[in-house]
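K.L.:
this is the structure alone, sequence omitted:
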């Protein structure tokens, strides 16, 4: 019998058998009808603790404490889960009686996994909110630590993930998840993904191990890997991180990287962990430091960075993760801390190891080596971004001060050949590598698309500039003229840079108008300027556009009066330095310094916060060096480079764009105004040969994708994918055949269900096609498509969009585009309609009705595309569609009035179609109707109704003027701030209305209209 498309139940039976037969879990049973299912099955926990020799009274106290922490009503799920995890990991401190000392009762035996009772139950009905029933729950010693949702092969893992997420909400069964450590969703076709409590869908992870093993379903393979008793215990003990309100589990490369590093720590061996930018090195560092301090009681961990902001950030990360860390404030403070037994966890700038005024450095180092080490404990030094400054004098000093320390370097930047010898000499070989291409393949980061944009610079009149230069420099001698001419050349740099900057600004603004993610305000951008002056100049230019208030300059410059004291030349002009000072002074005028933060720091923190959390309100950051490196640097969709950069700095900068950020972000985009392509290639492809070939796996060379070439490849693949999905449809492939193939008999539910995978594939493939087209639709010819190709593509796209709508309607399904909705709207509004001969609103930013009102019907028609003007039927439909669109849009504000307008429109359309009126008469009547619809009121409306809200009440209260005025007054007197969406505040208004209208149904009807009025 075929197993294709087997039901979820069959998958569940197989997985239960796997847990029992291969993983040796106990089967607790089917819990679907149990009335008191809990996240702590107390009889099983009591049995385990009794077996460990604890007496009844002690066990009773343990259970009480566990209940209190798991069900604390004054905390959220994260805090309850964190408290329970602490009890699980570190044990429960209890007293058998007041007279006896505290004992630590361990709920799980972490050292000997096989001594624990691992069990699985199915169909665990959760009560207390709306009932939910997870497929499988995993228990250790009666404590629920894992929940698994299984789906059949035709249903996406995403459905299982969303089910896991919704189960954690207050309206369902949040209480159950206070003990849960791991969540898994899986099916036979896709395998599994895992997360933990409150993990967002996009951050559910995939495991990858022993890829060559293809002997069974990936679901089974990775459940065996992850839920193996020893592996599961290890994951829960060493790899759980509570980080500033977010609970995290490791990605697979982090797990194996830490495992490899643990072995180096055991053997006191130095080495390098090379994990590409954006792959989570900070988490590796935190978890490895935590493990090192626990594994070795004599260990001390020193985290070393080379930038002050990174030093602060690393301390914050450790503190947020619950690990006490001290920061060295000076070289003297650093040496004092190293010579004391505490703190065990310390961070410092590498520069704190420096020594000023050393004439003979070699003698200084030799002297250090000959002195007994003053440091205490066994030192493990973690060096962040170890490719920087770690082969110079500071590192030599550091090794001399800590001669017996183990050095572990962390980097994600390709080690260039010049760094290879010194880096490997300092740190030794590679502990673990995770390359850029692997991260892209694993969907940890996104691939990069590169586009060079050349902005030509030319000089209008070299002779006039030379003449101007000679006049202005007449008082100078020849040497002074030569020096000035050498600095400014023929002033081409000055005069052309202004126009060039204007071109860059226009170019970026254009991108924000047409590019997906930028145009829908989900994404934002960083512009890298070559100097603080240029950054301020760009900021000034952008502030004259629609970006005013939605862009910021971030350079760390802090204006000081001394910056301006010697800059005024008396010529009523600004020097570069004075311009920077004046720009920042104006910028920070209304910013208040806070605590130990300067005005600049407060301003920049606010800008970064908006950039990360509200991209629509902070579209663009203009930077020079800041925010281009470090793990707290914000991600963006586009990086515009107008600065000469190279090597590590360039690679780290471009990696700002490749962070995951929603399903509608496919790539990180690099726009290069400085022709850095060869440097870009070098920055991302020059790995040491040792890194490239020392282990198997994905080719480490990262090739930047040229935007149009990659775009055309994606478009061709997307077109082919939809064509393949439609290929099995029977001839003649008309609408009926498509409906039969994708829906079957639409009146039979089983037919629709059976063909669900075909429809789902069509919907997904169509969305991918839309996005692929939208990315290069205005540059198809540049991408190599002929005019005939473009017509063919647009025709096919139009056909597939129509087909999707037909199938959607035939099946009665509403398509869930989720993150793709904005891209669809962007495509349909900007591209598809623009390429259609019958564009609905071809008046740039002015709606059709505005044109009719302001210029008349004749002028409006004259603005239509040439191919449309002569077609009376097409003109009529275009105007009617615009009028109807306005009616629909405004209907909720004033249903009675717009119902009347809709009736009039239908009458005019019917008269036109029946030829009852001549075309000129039709145009006159439709123009009058357009004006009425646009005005939102009749000409005979009483003058006392001087607001749209009063007129809406008048029209919907039987045109009773006094009643409308009375209701208007009542609402204005009763309404409170932010009343919309607040049930108590809305009820206050309704109660007041009831006194006037005397009818509950009438109150509800009118309240909907009131709620739509912006003036209330």
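P.N.:
Alright, I've got the coordinates. This one's a predicted model, so the numbers in the text were calculated from it and none came from an experiment.
K.L.:
give me the phi and psi for residue 597.
P.N.:
The phi and psi values for residue 597, taken as degrees, to the nearest 10, are phi -100, psi 140.
K.L.:
cool, and the one 3 residues further on?
P.N.:
According to degrees, to the nearest 10, the main-chain angles of residue 600 amount to phi -60, psi -40.
K.L.:
for residue 451, same thing?
P.N.:
For residue 451, the backbone dihedrals are phi -140, psi 120 (criterion: degrees, to the nearest 10).
K.L.:
could you do residue 535 as well?
P.N.:
Residue 535 has phi and psi values of phi -60, psi -40 when expressed as degrees, to the nearest 10.
K.L.:
residue 620 too?
P.N.:
Phi and psi for residue 620, reported as degrees, to the nearest 10, are phi -140, psi 130.
K.L.:
contact partners for the residue lying closest to it once chain neighbours are set aside?
P.N.:
The shortest distance from residue 620 to any non-neighbouring residue, by CB to CB, 6 or more residues apart in numbering, is to residue 551 (4.1 Å). To be clear about C-beta, it is placed using only N, CA and C from the backbone, and glycine gets the same treatment. The contact partners of residue 551, taken as CB atoms under 8 Å, 6 or more residues apart in numbering, are 539, 542-543, 618-622.
K.L.:
tell me the pLDDT of residue 551.
P.N.:
Among the per-residue scores, residue 551 shows a pLDDT of 93.
K.L.:
before we move on, back to that, in helices, which of the contacts of residue 551 appear?
P.N.:
539, 542 (DSSP state H).
K.L.:
and residue 516, how many neighbours?
P.N.:
By other CB atoms under 10 Å, 22 other residues sit near residue 516.
K.L.:
quick one: distance of the lengthiest helix in the chain to the chain centre.
P.N.:
For the chain, the helix reaching the highest residue count under DSSP H is reported as helix 787-811. Mean-position distance between helix 787-811 and its chain equals 31 Å (CA atoms, centre = their mean, to the nearest Å).
K.L.:
tell me the buried residues in that helix?
P.N.:
By neighbour count on 16 or more other CB atoms under 10 Å, the buried set for helix 787-811 is 793-794, 797, 800-801, 803-804, 807-808, 810-811.
K.L.:
for the residues you listed, which one is nearest residue 113?
P.N.:
Closest to residue 113 out of the buried residues of helix 787-811 is residue 811 (49.3 Å), distances taken as CB to CB.
K.L.:
still on that earlier bit, can I get the contacts of residue 551 in JSON lines including pLDDT, distance to residue 954 and neighbour count?
P.N.:
Converted to JSON lines, those look like this (pLDDT from 0 to 100; distance: CB to CB, whole Å; neighbours: other CB atoms under 10 Å):
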{"residue": "539", "pLDDT": "93", "distance to residue 954": "50", "neighbour count": "22"}
{"residue": "542", "pLDDT": "92", "distance to residue 954": "46", "neighbour count": "23"}
{"residue": "543", "pLDDT": "91", "distance to residue 954": "44", "neighbour count": "16"}
{"residue": "618", "pLDDT": "90", "distance to residue 954": "43", "neighbour count": "22"}
{"residue": "619", "pLDDT": "89", "distance to residue 954": "42", "neighbour count": "25"}
{"residue": "620", "pLDDT": "91", "distance to residue 954": "46", "neighbour count": "25"}
{"residue": "621", "pLDDT": "91", "distance to residue 954": "50", "neighbour count": "25"}
{"residue": "622", "pLDDT": "92", "distance to residue 954": "52", "neighbour count": "25"}
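K.L.:
against residue 592, how distant is the residue nearest to residue 620?
P.N.:
As defined by CB to CB, to the nearest Å, residue 551 lies at a distance of 21 Å from residue 592.
K.L.:
which SS state does residue 302 fall under?
P.N.:
Assigned state for residue 302: strand (three-state reduction, DSSP: H, G, I helix; E, B strand; the rest coil).
K.L.:
and residue 552, that one's in a strand?
P.N.:
Yes - remark: residue 552 belongs to a strand, assigned using three-state DSSP.
K.L.:
so what's residue 928 up against?
P.N.:
No residues are in contact with residue 928 under the rule CB under 8 Å, 6+ apart.
K.L.:
how close does it sit to residue 375?
P.N.:
The spacing between residue 928 and residue 375, counted by CB to CB, is 90 Å.
K.L.:
equivalent analysis for residue 761, please.
P.N.:
Taken as CB to CB, the spacing of residue 761 relative to residue 375 amounts to 63 Å.
K.L.:
go on, residue 872?
P.N.:
Between residue 872 and residue 375 the distance is 91 Å, computed by CB to CB.
K.L.:
looking only at neighbour counts, state which of the two leads.
P.N.:
Legend: neighbour count by other CB under 10 Å for residue 872 and residue 375, higher for residue 375 (19 against 13).
K.L.:
which residue packs closest to that one, ignoring adjacent ones?
P.N.:
residue 338 (4.4 Å).
K.L.:
for residue 254, same thing?
P.N.:
Take residue 254 and drop its neighbours on the chain: the residue closest to it by CB to CB, 6+ apart is residue 284, 5.2 Å away.
K.L.:
with residue 146 instead?
P.N.:
If you skip the residues right next to it in sequence, residue 146 has residue 138 as its closest partner in space, 3.4 Å away by CB to CB, 6+ apart.
K.L.:
surely the one you found forms part of a strand?
P.N.:
Yes - when the secondary structure is assigned by three-state DSSP, residue 138 falls within a strand.
K.L.:
what sits against it?
P.N.:
Taking CB under 8 Å, 6+ apart as the definition of contact, the neighbours of residue 138 are 25, 118-120, 144-148, 182, 227.
K.L.:
and which of those is nearest to residue 404?
P.N.:
Each of these was scored against residue 404 by CB to CB, and residue 182 proved nearest at 39.1 Å.
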